[in-house]
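[1] sequence first, predicted model second:
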Amino acid sequence: MEKVCINGGNILTCDRGGAVVRLDASIFVEDDKITHVGEPTGEYRTSRADIIIDAKGSAVIPGLINLHTHSGPMAVRGLAEDLPLTPWLETYVNPAHKYLTADDAHADYMLSYLEMLKAGITNSLDMYRFVEEGIKVANEIGIRTNLAPYCADLPQYDYFEDPDENIRLADKYSSGAGNASVWLGFEHTTYCTEETLAKFGEFAKKKAVHIHTHESETKDFVENVRIRFKKGPIDVLKEHGLLGPRTVLAHCVWLTDQEIRMVSSAGTSISHNPTSNAKLASGIAPVARMIQAGINVGLGSDGVKENNRMDLFQEMKTASVLQRLLTNDASVLRAEEVFRMATLNGNRALGMAANTGIIAEGFKADMVLIGLKKPHLTPIFGGNRDNILAAIVYAVEGEDVDTVMVDGKVVLKDRKPVQVNEEEVMDLVRKKSVDLLDRMGLKAGHDRALG
Ligand SMILES: [Zn+2]
């Protein structure tokens, strides 16, 4: 059994529910698990390790969890700009989905998982298409993923994924396919027939399968639900058996107080996506109220078509500052709370908190090393003036991540992916994006990045 020692880091263990910092400690990893955290002595002395990773001058944190994203279509990154949600969907996003092929999706998954890995994200909840391509890519790159396809079956949206196929895939892969698993996923209740919503609810209950969807993202969407179902969106989910502890709802910007109570008592988790909600002018979700009501809230980047980047460090800072603007209170969403959203709460929402998300003995070795010796992270103090957590939440960015370990394997080293070639991935996505835009009738012209 190979022993890895991460030596001399500033470790944010996240145990006992907080972001506990252990200065200058070491972490032993054997196979996929953490076997020791603390002094590098005795059985765990550095000299007994097969591989030593020098973490001096670095912070070591649990892998970040991107609780809501879309791996593509990458082709519309930076093209679909400056529109509110509904015309943005109709002009760019839905036409891209109409022409998307499994090969396009494969390329998108490659770039998306590479981008996330390089930003210290070790697991995500990814609503996209052709999910078997996502399973292949996650295992190739060495990142974890939970795939919830964009399902829809109302006639105007029937180019999205087929709900029956989703049920088949969730049945096959819900308990895992290597690093990946498949959930039930649907774009929105207004994209599906009531028969499908009921079928999903029954299947999820029978097989204890997880569910993911968008909810109450904009006022328009809430209004559309009220027009179609003659009741509020959370009531619709509840009525169809889609609200429960294995459900994760993205956004929830416009929940009423009563709906917040319903989500809380159902044990349903919420993914907060602050940058996406701000950029599309959807609103600021009442996260402080949700947390106060006992809801487990994690953080998501949403896709690059919404947000251009998948960087949870940006999301942590944005979540905190927006909530302070919303509440006029500089003490809401403190660094520790936001950090927990991006780690522990995300793992809890994915049903993985029993063995991941904490740097402690017996837990899965999913960890991220961040180099701290940089002008924008200076000075870093220890002891009573410890400011590492504030640096991580308010000053670090994805580009500061040096090394990522998933399931005990180093999959990003010195900012380079270990198992795939980064240049090849970018070349593939450039080519596929030009092809997809051509098919959509949006001539991309010469791809300047190709030279
Ligand atoms: Zn989304």
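    Nice, I can see it. On a predicted model such as this, the values are computed, not experimentally measured, just so you know.
[2] where does pLDDT dip in the stretch 301-450 of the chain?
    444-450 (pLDDT under 70).
[3] repeat that for the stretch 151-300 of the chain.
    Residues of the stretch 151-300 of the chain that meet the cut-off, pLDDT under 70, do not exist.
[4] pretty sure Ser124 contacts Thr145?
    Yes. Contact status for Ser124 versus Thr145: in contact at 5.5 Å, counting by CB atoms under 8 Å. Heads up, the C-betas are built off the backbone N, CA and C, glycines and all.
[5] could you list the domains of the protein?
    With domains defined by automatic domain parsing, the chain comprises 3-63+357-417, 64-349.
[6] any idea how far the shortest one is from the chain center?
    It stands for domain 3-63+357-417. Chain-centre distance of domain 3-63+357-417: 20 Å, with CA atoms, centre = their mean, to the nearest Å.
[7] can you give me the helices for the stretch 251-400 of the chain?
    257-266, 274-279, 287-292, 304-307, 312-327, 335-340, 346-349, 388-394 (DSSP state H, counting those that start in this stretch).
[8] likewise the stretch 51-200 of the chain?
    Listed in chain order, the helices of the stretch 51-200 of the chain (DSSP H, counting those that start in this stretch) span 85-88, 94-99, 102-118, 131-141, 163-173, 194-207.
[9] tell me, how many residues neighbour Ala180?
    22 (other CB atoms under 10 Å).
[10] I'd guessed it sits against Ile135; true?
    Yes. Between Ala180 and Ile135 there is a contact at 4.2 Å, judged by CB under 8 Å.
[11] give me the phi and psi angles of Val225.
    Dihedral pair for Val225: phi -60, psi -40, per degrees, to the nearest 10.
[12] quick one, what contacts the residue nearest to it when sequence neighbours are not counted?
    Computed as CB to CB, 6 or more residues apart in numbering, the closest residue to Val225 that is not its neighbour in sequence is Pro233, at 4.4 Å. Applying CB atoms under 8 Å, 6 or more residues apart in numbering, one finds that Pro233 lies in contact with 189, 215-216, 221-222, 225-226, 259.
[13] from those, which is closest to Ala55?
    Glu215 (39.9 Å; CB to CB).
[14] identify the bridge partners of that closest one.
    His251 (DSSP bridges).
[15] can you list the helices of the stretch 51-200 of the chain in CSV and add distance to Arg246 and mean neighbour count?
    Converted to CSV, those look like this (distance: least, CB to CB, whole Å; neighbours: other CB atoms under 10 Å):
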stretch, distance to Arg246, mean neighbour count
helix 85-88, 27, 15
helix 94-99, 26, 18
helix 102-118, 23, 24
helix 131-141, 18, 22
helix 163-173, 11, 18
helix 194-207, 7, 17
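[16] export those helices to JSON lines and tack on distance to Leu442?
    Formatted as JSON lines, those follow (distance: least, CB to CB, whole Å):
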{"stretch": "helix 85-88", "distance to Leu442": "14"}
{"stretch": "helix 94-99", "distance to Leu442": "8"}
{"stretch": "helix 102-118", "distance to Leu442": "14"}
{"stretch": "helix 131-141", "distance to Leu442": "23"}
{"stretch": "helix 163-173", "distance to Leu442": "28"}
{"stretch": "helix 194-207", "distance to Leu442": "31"}
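[17] which of the ones you listed sits closest to Ala25?
    helix 102-118 (24.7 Å).
[18] against Thr378, how distant is Asn146?
    According to CB to CB, to the nearest Å, Asn146 and Thr378 sit 37 Å apart.
[19] again with Leu147
    As judged by CB to CB, Leu147 and Thr378 stand 40 Å apart.
[20] which one's more surrounded, the two?
    Leu147 (30 against 10).
[21] what sits up against stretch 85-98?
    So stretch 85-98 is in contact with 73, 75-76, 79-80, 83, 129, 150, 157, 159-160, 217-218, 220-221, 280, 282, 305, 436, 440, going by CB under 8 Å, 6+ apart.
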